[in-house]
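1. Sequence and predicted structure below; questions after.
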Amino acid sequence: MAEKRYGKPYGATIANAVLTAINAVCGARGSGLRYHDPQCSICQEYVTPEEQFFIGRLHELRVVNTSVARTMAMQLCKGIDKTRTFEVMGQPAQVAADYYAHKIREPARLNAGKVIMH
């Protein structure tokens, strides 16, 4: 699914970084994360508290708001061992930043005669 959305090599890299972050969070929490099936059209309308903290945490890292990101990490990890999780969750944020930085500099070929920069 990630390679369809982000292409190669970013899809696999993003999926791996997200999986590593989820595993770190689950290890810190001592329990799993509740999340909805992204393929379910009904489930797509709802966001679990864990999904909200996870996505919010990544967003706050991307905009370099570390104090809010740390707070979200604490909430996500139930106040347990947030340090490792904080470090690991920086990986998906960095990969996403690299992906978008690359896409901005990459020429988009709309047709054979024109090259347009993003």
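-> Nice, thanks for sending it over.

2. Residues in contact with the helix or strand hosting Val25: which ones?
-> Element membership for Val25 (DSSP states H and E) is helix 10-29. Identification of contacts with helix 10-29 by CB atoms under 8 Å, 6 or more residues apart in numbering yields 1-6, 32-33, 54, 76-78, 80-82, 84-85, 88-89, 91-92, 94-96, 98-99, 102. For glycine as for every other residue, the C-beta is placed from the backbone atoms N, C-alpha and C.

3. Pull out the buried members of these.
-> 2, 6, 33, 54, 76-77, 81-82, 85, 88-89, 91-92, 95-96, 99 (16 or more other CB atoms under 10 Å).

4. In helices only, show me those residues.
-> 2, 6, 54, 76, 82, 85, 88-89, 91-92, 95-96, 99 (DSSP state H).

5. got a list of what the most centrally placed residue in the chain touches?
-> Taking CA atoms, centre = their mean, the centroid of the chain lies closest to Pro92, which sits 4.9 Å from it. Counting by CB under 8 Å, 6+ apart, Pro92 touches 14, 17-18, 21, 58.

6. Right, I'll call it a day here.
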